[in-house]
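*Asks:* predicted model follows, preceded by the sequence.
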Amino acid sequence: MWGRNDLALARDPSTRFLPGLLAVLVYLAALAAVGGLTAQGFVSDWDRRLAGSLTIQIPPTLNTGDDASRAASAERRDAVLRLLKVTPGIADARPIPEADSAALLEPWLGPELVRTLPLPLLVDVRLAQSQPLDRESLAERLENAAPGTTLDDHARWLADAQALARSVAVTGLVVIALVSMAAVLAVVFAVRTGLGVHRNEIEVLHLIGAPDRFIARQFQRHTGRLAAVGGVIGSILAIITVIALRWTATDTTAVTGPAGFATLIASIDFGLRDWLAVIALPVAATVISTLTARASVMLSLARLP
Amino acid sequence: MWGRNDLALARDPSTRFLPGLLAVLVYLAALAAVGGLTAQGFVSDWDRRLAGSLTIQIPPTLNTGDDASRAASAERRDAVLRLLKVTPGIADARPIPEADSAALLEPWLGPELVRTLPLPLLVDVRLAQSQPLDRESLAERLENAAPGTTLDDHARWLADAQALARSVAVTGLVVIALVSMAAVLAVVFAVRTGLGVHRNEIEVLHLIGAPDRFIARQFQRHTGRLAAVGGVIGSILAIITVIALRWTATDTTAVTGPAGFATLIASIDFGLRDWLAVIALPVAATVISTLTARASVMLSLARLP
Amino acid sequence: MSFFRHGVRPRSGRAEKERGASSQVVRFENVFMRYDGGPVILRDVSFELEPGSFHFLTGGSGAGKSTLLRLMYLGARPVSGNIRLFDRDISGIRRAERPAMRRRVGVVFQDFRLIPHLSALDNVALPLRIAGTREALIREHVPELLAWVGLSGHLDALPATLSGGQQQRIAIARAVIGRPNLLLADEPTGNVDDRIAIRLLYLFEELNKMGTTVLIATHNESLVKRFDHPRLHLEGARLSRVQMPSAAAPARPGNAAARPA
Amino acid sequence: MSFFRHGVRPRSGRAEKERGASSQVVRFENVFMRYDGGPVILRDVSFELEPGSFHFLTGGSGAGKSTLLRLMYLGARPVSGNIRLFDRDISGIRRAERPAMRRRVGVVFQDFRLIPHLSALDNVALPLRIAGTREALIREHVPELLAWVGLSGHLDALPATLSGGQQQRIAIARAVIGRPNLLLADEPTGNVDDRIAIRLLYLFEELNKMGTTVLIATHNESLVKRFDHPRLHLEGARLSRVQMPSAAAPARPGNAAARPA
Ligand SMILES: Nc1ncnc2c1ncn2[C@@H]1O[C@H](COP(=O)(O)OP(=O)(O)OP(=O)(O)O)[C@@H](O)[C@H]1O
Ligand SMILES: Nc1ncnc2c1ncn2[C@@H]1O[C@H](COP(=O)(O)OP(=O)(O)OP(=O)(O)O)[C@@H](O)[C@H]1O
Ligand SMILES: [Mg+2]
Ligand SMILES: [Mg+2]
């Protein structure tokens, strides 16, 4: 009966701006959330990829150049590969072509040296997700198959990556916290100001016998509705922005090569978590606005006799 | 006479919120500006540092271990260093200790190999800012002094760093543009809503014969004053936040080592540009609010007969 | 006005009138009133309004008429003294009970206090909607009442598009639509001509016949003279009963109900 | 009221009255008026107000009195017809000139329209401040006028803390403080008692003697009868001149100035 049409507050022109303001703030918060999630996802993805791999180094014979030593090297490599194939917990083992390892070392050793230096043979090993690998026994059997072979599990790199992941996560959280705090403040201010316009109506309703909860309901519904509209608009704009950024970044990457932030942005993929964040934000905006409206009305009412 | 006290709009409780909202928005914009400037400064600093340095590699003799080859290596190094000292355009040349180059290579070659492999001698060269270096003649003279010596001017790294700098700069600009756009929108909305409360007064003033500019002046002064207060509070809070973040980041860096964003934040130094940005923002907020107030009042007035 | 007889309130007004012999609708005992830092507006005021009575309240501008009404609709609290409303000491009424008390009082505010974004119909329907009346009943009774006060052509008009007198009649309709036990009208005819003023007073009398206690603050001397109801007069912060110019005893039982101290 | 004689306006009101013989303050010619989508409110209305005249404007609630006044203070435009104000066709006045025209017209709005956050004194001072009057003169004249309307004790009160009648008197003071050439008062005595109403009408007459043309919309029949001024009456969207009950020709020259078409 006295349900939806309420006080017809929707006809009130002064609250028109609330959806706009909320759209802007939800937009900012959504961008921050997607950015934070992406950065964290990027780092943890890297983390996981590294954690799922090993590099095995087979030392070269010291005298390079002569064919005998080359053949000895190849033999040792094959022995290692055979051993790896039958080791449980290993999904794949692939020798890195000599050109690739040379390219890896070139910045450090210089092109001359790389060509003349006896390089170790590198084998890239992907671990199986299903089965754990017994590293110690593998190391032992490798030493038997090809003495001097070492097993690098990227421990140092992992530590660095984890430190980076931590700082990215912390920075992301700080940014989201700041934007959310700002958004909450702005919503509180906006709702309270919007209600300031209705001070007289609140007083009249009170004086003609409307219970507090009746008055609060009118305003909280109205405000919640406005906030929901604004929030949804904001998140839709955020989604559009992210998609547009990805497009631009993909183009940039094509031009500059896989460098820095452009790659990061290009790697943004809208996953379940992002969808949840983008849905959660307008809901949060609506809830916060509704509660603020309720609290503000109740506060005004508490001042009346 | 009818100067400062005006319409006594300051007594109006509904406009209390404008400084708060503006403080929040100027705060966000200031953080974005400082962040963007810092990121860009960091990258261009790195750029400059890399551009100002060279690494020279003196290849090892292939037979390691015997004292004769060691002595030969040391001799070649000293020859190179003597040559570098007298070359115009070079500020400083410092051999990188063997342990350091070994550490650099260890992740690539593994601990075993690094110990046994003949490593090149590396010399870190800082270029003088004042005088340009003739790279070609230097390379020629190095080849004479110690054949096989190469000169790495980090060209590949530089290209990468420049691409990164570009993307950081673009990202920073985009973020600042977004936040500023949001801030301007919010200010426009807030001011127009604030004035909505005064619609009746504007009409009365109009009907009793106040010229448009008289009415507009009252409201734009009032709004400008509120915006100035809010803007100044926002930038002061932003400065405090930046200083606090630096403190925390410096602590984090001490724990996790020089990894990722913490280092970036720790490197924030409040320079002239940052001060200018932080001063410009409240001024911009005030100007925008004043103009919005004027435009809104004029718009309301245009609707009146 | 079939409306009042078949109106939206289920309970009968007469029932209250009959059991009202031993009780009062309003009773002031030594009430002092002043606003923060202002002068004393009511000094030691005592009087009572019996159920079904009809009074005018007169007094100069600024004498305190609106303030006296405000105390009765729980819009302000006295500085000292006791006020009883519907046989309850108002200082003892819990906050949660006050809305129900207020719904038994209809108020015509001096400045109308219409809700600017609600149509005439919705403004008048407000008390019914607050009380949870069925929409069908509202659609039936509100237009009937608005027609009675001469506004059948303006059901959907917003207050800003109505003339002063039209707004005042909406304020009156809103005050009487819920058939309150007590009607307080503050200068309800200041913006209408004499013909409409008389019609509005008939409306109040009709309501009064159904059992509503009526108190009308007014400056309109000719109206007070025309309608032969007892008059309470405020002057120098004191309330007194004014003797009727016509010596004839008033016809209605309620007319003798005011006994200022 | 020494105020009006030594008042803040440098120009003399009398001078206007004397040169006014050949001109009109207000002249309506075949004016039609309706609000968007509403019924016709004024149909083919023609009349003129000569300088120094004093008229009452009567008519039922919703007849269009406020609308007629609104057309005169440039608060609305007619649908068709010509309106001349101070001898200028209002449709030819540029926007930039309108404020100066409006400052020559004092208006008492039916709903007062006081600025809620300004004190009584500042509300009344508003027209002077807009006109750029020296603050010293304002401090001298505004309290004098407020004392005259009985509000000397309320100079610093905000409108919300004043009674209905007190607010109305502030609205009147604001309308007359600038000694306008034309005074339009819309129901200016609806919230005050007869004693104050008479005092306020003396104020208007005083102003009128200084040359101001006065038009008062009112429902107060006893006031219209007591003050022997010609009456314009609105009914059925038409304006007519009502014959005075007293056959005696009015004493003031201005009284004969209204010649409805
Ligand atoms: N909210 C308030 N705060 C302070 N003072 C007030 C307030 N309301 C009224 N007053 C003062 O109390 C006095 C009585 O006001 P009230 O409105 O009761 O008078 P009234 O008899 O209704 O007058 P009127 O006939 O003019 O409406 C006035 O002097 C007024 O200034
Ligand atoms: N702004 C408006 N928009 C639309 N219609 C309006 C507007 N103002 C007034 N009206 C209508 O015009 C008609 C005349 O209104 P007006 O205010 O002129 O009457 P009035 O003679 O002053 O009445 P009262 O004595 O009740 O104040 C009314 O029917 C009213 O509903
Ligand atoms: Mg009153
Ligand atoms: Mg009117």
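*Replies:* Nice, thanks for sending it over. Ligands and ions are numbered 1, 2, ... in the order given.
*Asks:* wait, what's in contact with residue A:79?
*Replies:* Residues in contact with residue A:79 (C-beta atoms under 8 Å, 6 or more residues apart in numbering or on different chains) are A:145-146. Where C-beta positions appear, they are placed from N, C-alpha and C, glycine not excepted.
*Asks:* any idea what it is structurally, helix, strand or coil?
*Replies:* Assigned by DSSP: H, G, I helix; E, B strand; the rest coil, the conformation of residue A:79 is helix.
*Asks:* ok, it to residue C:74 distance?
*Replies:* Distance from residue A:79 to residue C:74, counting by C-beta to C-beta, to the nearest Å: 98 Å.
*Asks:* repeat for residue C:190
*Replies:* 24 Å.
*Asks:* higher neighbour count, these two?
*Replies:* Neighbour count, other C-beta atoms under 10 Å in any protein chain shown: between residue C:190 and residue C:74, residue C:190 has more, with 25 against 21.
*Asks:* so what's residue C:119 up against?
*Replies:* C:155-158.
*Asks:* filter these down to the buried ones.
*Replies:* C:157-158 (16 or more other C-beta atoms under 10 Å in any protein chain shown).
*Asks:* which strand or helix spans the residue found closest to residue C:112 once you drop the neighbours it is linked to in the chain?
*Replies:* Counting by C-beta to C-beta, 6 or more residues apart in numbering or on different chains, the nearest residue to residue C:112 once its immediate chain neighbours are dropped is residue C:171, at 4.2 Å. Using DSSP states H and E, residue C:171 maps to helix C:164-176.
*Asks:* show me which helix or strand of the chain is least confident by mean pLDDT.
*Replies:* The chain I'm using is chain A. helix A:260-266 (a mean of 49; mean pLDDT, DSSP states H and E).
*Asks:* wait, chain C was what I had in mind.
*Replies:* helix C:13-19 (a mean of 44).
*Asks:* contact residues of the stretch 151-261 of chain C facing ligand 4?
*Replies:* For the stretch 151-261 of chain C, the contact set with ligand 4 under C-beta under 5 Å from the ion comprises C:163-164.
*Asks:* tell me which parts of the stretch 151-261 of chain C are close to chain D?
*Replies:* Proximity of the stretch 151-261 of chain C to chain D, by C-beta under 8 Å from any C-beta of the partner chain, involves residues C:161-166, C:169, C:186-187, C:190-196, C:219, C:221-222.
*Asks:* buried subset of those residues, written for PyMOL?
*Replies:* Per 16+ other C-beta under 10 Å, the buried members of these correspond to this PyMOL selection:
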select buried, chain C and resi 162+163+164+165+166+169+186+187+190+191+192+193+194+196+219
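*Asks:* please list which of the residues of the stretch 151-261 of chain C next to chain D are also close to ligand 3.
*Replies:* Of those, not one also sits near ligand 3 (C-beta under 5 Å from the ion).
*Asks:* helices - which of the residues of the stretch 151-261 of chain C next to chain D land there?
*Replies:* C:164-166, C:169, C:194-196, C:221-222 (DSSP state H).
*Asks:* identify the farthest-apart pair in the residues you listed.
*Replies:* C:166 and C:221 (24.3 Å; C-beta to C-beta).
*Asks:* in chain A, what residue lies closest to ligand 1?
*Replies:* residue A:305 (11.3 Å; C-beta to the nearest ligand atom).
*Asks:* just put the ones in helices among the residues of the stretch 151-261 of chain C next to chain D in CSV and tack on pLDDT.
*Replies:* What follows is these, written out as CSV (pLDDT from 0 to 100):
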residue, pLDDT
C:164, 94
C:165, 95
C:166, 96
C:169, 96
C:194, 88
C:195, 90
C:196, 92
C:221, 87
C:222, 87
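*Asks:* identify, from those residues, the entry nearest to residue B:21.
*Replies:* residue C:164 (38.1 Å).
*Asks:* quick one: that closest one from chain A, how far?
*Replies:* The span separating residue C:164 from chain A equals 18 Å under the rule C-beta to the nearest C-beta, to the nearest Å.
*Asks:* do I have it right that that residue meets residue D:109?
*Replies:* No: Residue C:164 lies out of contact with residue D:109 (C-beta atoms under 8 Å); the separation is 9.5 Å.
*Asks:* find the residues that touch each one of these two.
*Replies:* residue D:186.
*Asks:* leaving out sequence neighbours, find the closest residue to the closest residue to ligand 2 within the stretch 101-250 of chain C.
*Replies:* Closest contact between the stretch 101-250 of chain C and ligand 2, by C-beta to the nearest ligand atom, is at residue C:165 (2.6 Å). Among residues not flanking residue C:165 along the chain, residue D:61 sits closest, at 2.9 Å (C-beta to C-beta, 6+ apart).
*Asks:* rewinding a little: mind listing what the residue of the stretch 101-250 of chain C closest to ligand 2 touches?
*Replies:* Per C-beta under 8 Å, 6+ apart, neighbours of residue C:165: C:191-193, C:196, D:61-62, D:219.
*Asks:* quick check, nearest of the residues you listed to residue C:141?
*Replies:* Nearest member of the contacts of residue C:165 to residue C:141, counting by C-beta to C-beta, is residue C:196, at 20.8 Å.
*Asks:* gap between the closest one and ligand 3?
*Replies:* 20 Å (C-beta to the ion, to the nearest Å).
*Asks:* can you count the residues close to residue A:292?
*Replies:* That count, for residue A:292 with other C-beta under 10 Å as the rule, works out to 23.
*Asks:* residues near the residue lying closest to it once chain neighbours are set aside, how many?
*Replies:* Spatial nearest neighbour of residue A:292, chain neighbours left out: residue A:191 (4.4 Å); criterion: C-beta to C-beta, 6+ apart. Residue A:191: 31 surrounding residues under other C-beta under 10 Å.
*Asks:* give the contact list for residue A:300.
*Replies:* Counting by C-beta under 8 Å, 6+ apart, residue A:300 has contacts A:195, A:199, A:202.
*Asks:* partner strands of the strand or helix carrying residue C:27, with direction?
*Replies:* Assigned by DSSP H and E, residue C:27 belongs to strand C:26-34. Using DSSP bridges, the strands paired with strand C:26-34 are strand C:40-49 (antiparallel), strand C:80-85 (antiparallel).
*Asks:* from these, which stretch is densest packed?
*Replies:* By mean neighbour count, with neighbours taken as mean count of other C-beta atoms under 10 Å in any protein chain shown, strand C:40-49 ranks first of these at a mean of 20.
*Asks:* how far off centre is stretch C:122-139?
*Replies:* Its chain's C-alpha centre and that of stretch C:122-139 lie 19 Å apart, by C-alpha atoms, centre = their mean, to the nearest Å.
*Asks:* ok, now stretch C:61-75?
*Replies:* 11 Å.
*Asks:* ok, back up a step: among the contacts of residue C:165, which are in reach of ligand 2?
*Replies:* Residues shared between these and the neighbourhood of ligand 2 are C:191, D:61-62 [C-beta under 6 Å from any ligand atom].
*Asks:* and which of these is nearest residue D:130?
*Replies:* Among these, and counting by C-beta to C-beta, the member closest to residue D:130 is residue C:191, at 28.2 Å.
*Asks:* tally of neighbours for residue A:134?
*Replies:* For residue A:134, using other C-beta under 10 Å, the count is 13.
*Asks:* pretty sure it sits against residue A:140.
*Replies:* No: using C-beta under 8 Å, residue A:134 is not in contact with residue A:140; the gap is 9.6 Å.
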